[in-house]
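> no FASTA, just this:
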């Protein structure tokens, strides 16, 4: 297990380097128009030369890159061009909010999708199964921002209800906080639900065909025992991978939901960074998100390796 | 006719091809209708949307920015089937023209992505070596970034607009898809007849164009049909956030911003039509793509990438 | 079967793609641009000088005098975006920002605009704030202000609640004039400031400027304690004095003491127990205990927040007023606040619009009634060239007065086409230009509507949407790749609008360089006799109407809604929200 873990961690390194290149390049290759916008329009610097100096892009590339990476060791990830605040500090304040919504969305989708997927597999090819599969495809095709719009418009129009606005943290007012995060999390989760239902169903079907299930049946074990103790447990292993794959989606979905519901998370911060041409801020956001995705994939891989021994030696 | 095919006149050969195509299309339609009825529905929807996109000026009764001041916020009626917005613009016409934007960006970006992916995948898979290793690490890194966020960042640099979006989204998917193409290239290369051809001394170019490329076509087509709805969704999301197609072009995503909700208590239909069009388009493509994938290569399951 | 699919797929795809490339090429041929409007959706009452006509549908707005004010409660406001840079009230660049709009909560100026429930919404005279009286002498060259004695700053380190003196006033004004504030030219005639004693401030002007008192009452130069900032605001970057980046550095004399700033979440302030003002009955102000600002970027969500009682006050977006009134039938509102002045600026420093014929062709192609129709539920009126009547009713002009210049302001598409043809444009050679708009407020400037009207005479207007801050920074000073943009000028004084046409003025976004106009503006600047000045400005109006440097679009008269339970409050023109709200109280019933 340790060797497997080490292997996977080492494999990360080249990817990390690539990620750092990509985000680094973002500031290096600002096209002329954007640079002009930053000097003339936003007043970051008196002219292009000063802007280049401010961003540090007037030095040789290698120096810039090493300096930038070296900053990480000191915890210096760059500062906002607007008010000089530490980009990392701002990000760390917002990250928990986005992660909370992302996590909640995965939880909601799991709670809804897994039972439905199991049901669909167990009752394969019945009318219930078909209608579920059709509904699933339908939900898969509906964009999250439209769902958010409908959720806001329809209750407002028919019963005059609008969701709460603003933001309170959990410690201040747990109840209001939960009502604020539930709706966006549910809408993001809806996007994952469809795929998860399909995946659970497919995995259950595959597992149900396995020999050891038939053995369990012939041993006379109860349906519950067979279903939930043996089948489901093994079927859920790929579901872990699924969650890992959905983490980037959760960030993307969060960008949209935060814009609609006004939640002060990472997504809104990215949009602000783009609007204000605050490239150092954008850099840090991209870097953090990519690292998050990498790390969570690593965790999933390790968990997978631990749960399913075949992976370690395969 | 027992004529030598080579000396058959060009026009007749063209007609042969056309009838061959048509009969191929007809048999394809029959297959899909029988075995994958949902896919057939999807195909009908897809063709419908493409038709609407191409013939938009003939279908739409009004221009997409034709403001009719007396029809402000008009409810759905005979003259305005989907209602009218706050400037009195017919929503039906705007949705119809919006199909143009979605389809052109969908096809444009996917076309670009496929071309890129094919070139990268081919070179990487065929020649291998250090080029392959470096490129694949780069692709790895690229794929860790969530798609929408990378698209946002790139649009931040190049600005909004139809061509900018095609290039940005095309780039985004192109690099990801090169992985799949490369895989297919490697699979084809492993086949025995390639080895034989190489040992006989067949040139690289000929080998690629005659043997490798045609065999990578099925995954290219499947990938394309799977990704078109993703591209349409990303474009809609970008427009919704304000970074996509600028007004007054009627991008479906852009029609669903807060302006659709500004009058939600008196004119809720503003939020319905573009969203329904968007969902239907994505639904149709998803269904068709699923069916196509199942028909062409049932083992290619679960390759739907993130959105 | 697989073969036929492959073949079909390959060739079919190729065919489809080429068809669609053609479709894309065709669709990008019909160009139409709109820009979006920039107007802050914060709850600040807009500024402009005008006596508004009494609103026929204003419900009972004045609180009954018999009610006794109740202390306590919290009021919340919603803002579209949080303060980006700092809270330095002397350094607000780029137009409206939260710092500028909220400055009157924690600061006072020498004077302020009207306040109190009886004062009219459009009253732009200056009233005492920190200065209890003032004298004008030397033919308008010297202004002597007498400060109220015993006013204390907030009890925060390092000021610790000491008394306000004339030194603070002098320091504040000088700091303001050194800083990058985009409105500082309004006070630029001050040549020197003296402080003969602790409570007297004497300002000497370069010339007997007629507008000085009005400008001094527009509290741009809030009075700050000397210790609050160790250095003047830096230019040209946005990095202003470090002290104003956190609430601790915001120390003033105002009714509320800044307590919290969680970026993008919450801004909060508490009642100042030592505020120097009392109301007519002798109660110490303010009444409301706590003030909060929350960030709600989405306009529809802000409207909903008002309806649900979450926030205290709101100005609904243009076009939504009728609906908003329907949703909130019990809310208090006024519709008589002077409008700030929205317009379309032409860039005279670029090739297209330095040709006067093209400017006139554009204005004749736009039907102003269309804008008025769109502002459902609001009061709106057309403009005849310059100085719109919703901002300055006394300067309202008639077509007869304008004479020949009136025809540029009439909707006449045929005349527009003729003029275009004369300038060399027509169906074979359409006039194309770029319009820059802010993403924030398409529903104030309706650029899409303009594009549609211009399309009818064959002009192709491309709309380029930029972010609000970018737009403010560009359109105000006239840099960037565009030929026309919308802008909004705050004008407490008529002169503020005129000066934007003067060569070299910081707000001259159109790059107007007209020596005759400069001379006329300079002349009226120093005329002290009101009647003579009025006549001089009328002449300028006529001239500007003929030159068509700018197109004012019909705005709506300023509106402000507030919750039914709030008493003793009435909004007024000017950035003096604090003065209005310090007298307000929440009725617990």
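That came through fine. Keep in mind the model is a prediction, meaning the values are calculated, not measured.
> CA only for contacts and neighbour counts going forward, please
Noted.
> where's the nearest residue to residue C:263 once chain neighbours are set aside relative to residue A:269, distance?
Closest residue to residue C:263 in three dimensions, ignoring its sequence neighbours and counting by C-alpha to C-alpha, 6 or more residues apart in numbering or on different chains: residue C:82, at 6.7 Å. Counting by C-alpha to C-alpha, to the nearest Å, the gap from residue C:82 to residue A:269 is 12 Å.
> Who are the contact partners of residue C:161?
Taking C-alpha atoms under 8 Å, 6 or more residues apart in numbering or on different chains, we find residue C:161 in contact with C:152, C:153, C:154, C:155.
> Which two among the residues you listed are spaced furthest apart?
Greatest spatial distance among the contacts of residue C:161 (C-alpha to C-alpha): C:152 and C:155, at 8.2 Å.
> Low-confidence ranges, chain B, go.
Residue ranges of chain B with pLDDT under 70: B:1-6, B:297-307.
> in it, which helix has the most residues?
Looking across chain B with DSSP state H, the single longest helix is helix B:91-127.
> elements contacting it?
Packed against helix B:91-127 by the contact rule (3 or more C-alpha pairs under 8 Å, 6 or more residues apart in numbering or on different chains; DSSP states H and E) you find helix B:37-54, helix B:56-59, helix B:129-144, helix B:162-189, helix B:213-241, helix B:273-296, helix C:2-27.
> So which of these is nearest residue B:80?
Nearest to residue B:80 among the helices and strands packed on helix B:91-127 is helix B:273-296 (11.7 Å), distances taken as C-alpha to C-alpha.
> so does the closest one get close to chain C?
Yes: residues of helix B:273-296 are located near chain C by C-alpha under 8 Å from any C-alpha of the partner chain, namely residue B:296.
> Please enumerate residues in contact with that helix?
Contacts of helix B:273-296 (C-alpha under 8 Å, 6+ apart): A:137-138, A:140-143, A:146, B:32, B:36, B:38-46, B:49, B:82, B:91-92, B:95, B:218, B:222, B:225-226, B:228-230, B:232-233, B:252-253, B:255-256, B:300, C:2.
> which parts of the stretch 451-589 of chain C sit against chain A?
Close to chain A, as judged by C-alpha under 8 Å from any C-alpha, the stretch 451-589 of chain C has residues C:467, C:469, C:470, C:471, C:473, C:474, C:479, C:480.
> Pull up the gap between the last one and residue C:178, please.
This means residue C:480. 26 Å.
> next one: phi and psi at the most centrally placed residue in chain C?
Central residue of chain C (C-alpha atoms, centre = their mean): residue C:490, 4.5 Å from the mean position. Residue C:490 has phi and psi values of phi -90, psi 130 when expressed as degrees, to the nearest 10.
> sorry, back to before: between the contacts of residue C:161, which is nearest chain B?
Among these, residue C:154 lies closest to chain B (C-alpha to the nearest C-alpha), at 40.7 Å.
> contacting residues for the closest one?
Counting by C-alpha under 8 Å, 6+ apart, residue C:154 has contacts C:160, C:161, C:162, C:251, C:252, C:253, C:254, C:257, C:272, C:274.
> Just the buried subset of these, please.
Neighbour-count burial (16 or more other C-alpha atoms under 10 Å in any protein chain shown) applied to the contacts of residue C:154 gives C:161, C:251, C:252, C:253, C:254, C:257, C:272, C:274.
> pLDDT wise, what is the residue nearest to the centre of chain C at?
Looking at residue C:490, its pLDDT is 72.
> Find the nearest non-adjacent residue to it, please.
Nearest-residue entry for residue C:490: residue C:340, 5.2 Å, with adjacent residues in sequence omitted and distances by C-alpha to C-alpha, 6+ apart.
> The residue nearest the centre of chain B - nearest residue in space that isn't next to it in sequence?
Among the residues of chain B, residue B:228 comes closest to the average C-alpha position under C-alpha atoms, centre = their mean, at 2.7 Å. Leaving aside its sequence neighbours, residue B:228 sits nearest to residue B:106 (C-alpha to C-alpha, 6+ apart; 5.3 Å).
> do residue C:70 as well
Nearest one to residue C:70, counting by C-alpha to C-alpha, 6+ apart, is residue C:585 at 6.1 Å.
> wait, doesn't the one you found sit right on residue C:567?
Yes: with contact defined as C-alpha atoms under 8 Å, residue C:585 counts as touching residue C:567 (5.4 Å).
> which residues touch residue B:251?
Contacts for residue B:251 (C-alpha under 8 Å, 6+ apart) come out as B:95, B:98, B:99, B:101, B:102, B:236, B:239, B:245.
> Pretty sure the second one sits against residue B:248.
Meaning residue B:98. No: with contact defined as C-alpha under 8 Å, residue B:98 does not count as touching residue B:248 (10.8 Å).
> list residues touching both of the two?
Common contacts of residue B:98 and residue B:248 (C-alpha under 8 Å, 6+ apart): none found.
> on that earlier part again, roughly how far does the residue nearest to residue C:490 sit from residue C:505?
Applying C-alpha to C-alpha to residue C:340 and residue C:505 gives a distance of 19 Å.
> Counting neighbours, go ahead and name the busier of those two.
A side-by-side neighbour count of residue C:340 and residue C:505, using other C-alpha atoms under 10 Å in any protein chain shown, places residue C:340 first with 25 against 14.
> Could you give the backbone dihedrals for that one?
phi -70, psi 160.
> my guess is residue B:265 contacts residue A:156, does it?
Yes: applying C-alpha under 8 Å as the test, residue B:265 and residue A:156 come out as touching, 6.7 Å apart.
> Mind telling me what element residue C:451 is part of?
helix C:447-456 (DSSP states H and E).
> Quick check: buried residues in that helix?
C:447, C:448, C:449, C:450, C:451, C:452, C:453, C:454, C:455.
> what do you get for stretch C:516-533?
The neighbour-count check on stretch C:516-533 (16+ other C-alpha under 10 Å) flags C:517, C:518, C:520, C:521, C:524, C:525, C:526, C:527, C:533 as buried.
> Now the terminal residues of stretch B:69-80, how far apart.
End-to-end distance for stretch B:69-80, by C-alpha to C-alpha: 14 Å.
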